[in-house]
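A.B. asks: what's the 3D shape of this:
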Amino acid sequence: MSVNAAIQSVIDRLPIPTLLVLPDGSKVGHSDPRLTVHAKTTGALAHLAAGQVGLLGEDYVAGDFDFSGSMRDLMQAAAAILPDTPINQAKAGAFTQLIHRLRSVWRHSIERDAKQIEFHYDLSDDFYALWLDPLRVYSCAYYAEPDFSLAQAQEAKLDLICRKLNLQPGERFLDMGAGWGGLLLWAAEHYGVQATGITLSRNQHAYVNQLIEQKGLSGRVRMELLDYRRLPTNQPFDKMASVGMFEHVGRAQLTDYFARIRGLLRPGGLVMNHGITSGGVEHTQLGAGMGEFIEKYIFPGGELTHISYVLRHLAEGGLEALDIENLRPHYARTLWAWSDALEQNLDEAKRLLEGEQGQRSLRAYRVYLAGCAMGFEHGWISLHQVLAQPSQGGRSDELDYPQDQSYPWRRAYIYGSR
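C.D. replies: Reported below is the predicted structural model:
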């Protein structure tokens, strides 16, 4: 099939009226389009014909591909041109898996992880504030009601985590990867815990410490610029949360990561691990160039792991899984809320992210937010909350509410009224 025939075939199977502008200025497709795409180079045209949506994303960042129309329509078109699911396209043989493991080990030192977090989270606090909720919670929200706003859904998520952890006044609580402090401060203000947060982002560290001062919480809340591997284990915590953080740990480090958590928890304590998981079992990133795009422009060092592998590493690290919840469609809705908010504030975003590099970052984030929303909708990626405790055995009183055990082995405490 010729390139022109392949292009015509692509346009014909799109679910929405689309016009394609070719590198020479000629046009193919609908005369009254809802979406117009511009392939400015032959390379971008070839990527379109092959359904390599990740490479098209790179073309967009570089200015070789452009569009007019809504981001939601663009993602519908992107899903339609894929020759196969990104899960199937990412399947790897045993040798490739070995290479991925060695690469995972190499790139997740304490120093490299700090640089990778700085790359993403220290872009611009004001930029993130344009499209996040007022608490700047940069993780999957919980739409307890279908008509919740983003802000309501994020507050519902924070409270859900606190309830699953059965937080009690005075308990020592650790938030690993505390971001802009949403969960850290919510737990302290609403549940009365003694809260510690850690981050590798200098911007987030400064921002949260300023909030702690403003709220008069200096005696009960502290935020440290610290890697989780450097936390001392001689004063174990009662409860811990890791939200949107373990994706940065690396698949080859997961057993050590959970073992570290086990060492930081008191016997009978609880940890909530909330993080992105893969939709397929045997891959660490999405195919069709999508994983490479995220690695290059958004999350260097990020790796996906199927929930089955998460549970295996969790057990090998000395933790017992107690409650598992899949929030995949909640993250799709969250990401669309972020994407829509960014699209509505593009002019301000362009002002905040100055220069050519800033504009490239903005184009990357537009593709990233909408593309991930599409990925969660299709089930290519997922999100799981796993509640766990240090493994124990030999007790006969676990159903009798012993004081040293936080989990009652009944779910009513999570979903009942406070």
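A.B. asks: what about A62, neighbour count?
C.D. replies: By the other Cβ atoms under 10 Å criterion, the neighbourhood of A62 contains 14 residues. Just so you know, the C-beta spots here come from the backbone N, C-alpha and C atoms, and that holds for glycine as well.
A.B. asks: same deal with the one 3 residues further on?
C.D. replies: A total of 24 residues lie near F65 under the criterion other Cβ under 10 Å.
A.B. asks: buried sites along the top helix by length along the chain?
C.D. replies: Secondary structure assigned by DSSP state H gives helix 355-378 as the longest helix of the chain. Under the neighbour-count criterion of 16 or more other Cβ atoms under 10 Å, helix 355-378 has 358, 360-378 buried.
A.B. asks: and for stretch 325-333?
C.D. replies: Of the residues in stretch 325-333, those with enough neighbours to count as buried (16+ other Cβ under 10 Å) are L327, R328, H330, Y331, A332, R333.
A.B. asks: so what's the first one closest to, chain neighbours aside?
C.D. replies: This means L327. The spatial neighbour of L327 that comes closest, neighbours along the chain excluded (Cβ to Cβ, 6 or more residues apart in numbering), is L383 at 4.6 Å.
A.B. asks: can you give me the pLDDT of that neighbour?
C.D. replies: In the predicted model, L383 carries a pLDDT score of 94.
A.B. asks: low-confidence ranges, the stretch 251-400 of the chain, go.
C.D. replies: When the per-residue scores of the stretch 251-400 of the chain are filtered using pLDDT under 70, the ranges that remain are 282-295, 297-302.
A.B. asks: in it, which spans are strands?
C.D. replies: Here the stretch 251-400 of the chain has its strands, by DSSP state E, counting those that start in this stretch, at 265-278, 319-326, 381-390.
A.B. asks: CA atoms only for the first one, dumped as PDB, please.
C.D. replies: As requested, C-alpha coordinates have been extracted for strand 265-278 and formatted as PDB (Å, rounded to 0.1, in the frame of the first residue of the first chain):
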ATOM      1  CA  LEU A 265       6.300   0.500  60.400                       C
ATOM      2  CA  ARG A 266       5.500  -0.700  63.900                       C
ATOM      3  CA  PRO A 267       4.000  -4.200  64.300                       C
ATOM      4  CA  GLY A 268       0.300  -3.900  63.600                       C
ATOM      5  CA  GLY A 269       0.700  -0.600  61.800                       C
ATOM      6  CA  LEU A 270      -0.800   0.100  58.300                       C
ATOM      7  CA  VAL A 271       0.500   1.400  55.000                       C
ATOM      8  CA  MET A 272      -1.500   2.600  52.000                       C
ATOM      9  CA  ASN A 273       0.300   2.200  48.700                       C
ATOM     10  CA  HIS A 274      -1.600   4.200  46.000                       C
ATOM     11  CA  GLY A 275       0.000   4.000  42.600                       C
ATOM     12  CA  ILE A 276      -0.300   3.500  38.800                       C
ATOM     13  CA  THR A 277      -0.100  -0.100  37.600                       C
ATOM     14  CA  SER A 278       0.000  -1.600  34.100                       C
END
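A.B. asks: quick check: beta-bridge partners of A321?
C.D. replies: For A321, the beta-bridge partners are A388 (DSSP bridges).
A.B. asks: can you pull the contacts of it?
C.D. replies: A321 makes contact with L311, L314, A315, V386, L387, A388 under the criterion Cβ atoms under 8 Å, 6 or more residues apart in numbering.
A.B. asks: how about the buried residues of stretch 325-333 in JSON lines, adding distance to M272?
C.D. replies: What follows is the buried residues of stretch 325-333, written out as JSON lines (distance: Cβ to Cβ, whole Å):
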{"residue": "L327", "distance to M272": "12"}
{"residue": "R328", "distance to M272": "17"}
{"residue": "H330", "distance to M272": "15"}
{"residue": "Y331", "distance to M272": "16"}
{"residue": "A332", "distance to M272": "21"}
{"residue": "R333", "distance to M272": "21"}
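A.B. asks: now, which of these sits nearest A50?
C.D. replies: Proximity of the buried residues of stretch 325-333 to A50 (Cβ to Cβ) peaks at A332, which lies at 26.0 Å.
A.B. asks: in this structure that closest one contacts W380, no?
C.D. replies: No: in this structure, A332 sits apart from W380 without contact. The criterion is Cβ atoms under 8 Å, and the distance is 10.8 Å.
A.B. asks: common neighbours of the two, please.
C.D. replies: Counting by Cβ under 8 Å, 6+ apart, A332 and W380 have no contacts in common.
A.B. asks: low-scoring stretches of the stretch 101-250 of the chain, by residue?
C.D. replies: Judged by pLDDT under 70, the stretch 101-250 of the chain has its weakly predicted residues at 101-122.
A.B. asks: about what we covered before: next step: the buried residues of stretch 325-333 restricted to helices.
C.D. replies: R328, H330, Y331, A332, R333.
A.B. asks: between these, which is closest to G250?
C.D. replies: For those, the minimum distance to G250 (Cβ to Cβ) is 21.2 Å, reached by Y331.
A.B. asks: so which strand or helix has the closest residue to that closest one other than its chain neighbours?
C.D. replies: Excluding the flanking residues, the one nearest Y331 by Cβ to Cβ, 6+ apart is C140, at 4.0 Å. Following DSSP states H and E, there is no helix or strand that holds C140.
A.B. asks: isn't D256 right next to G318, touching?
C.D. replies: No: under the criterion of Cβ under 8 Å, D256 lies out of contact with G318, with a separation of 11.0 Å.
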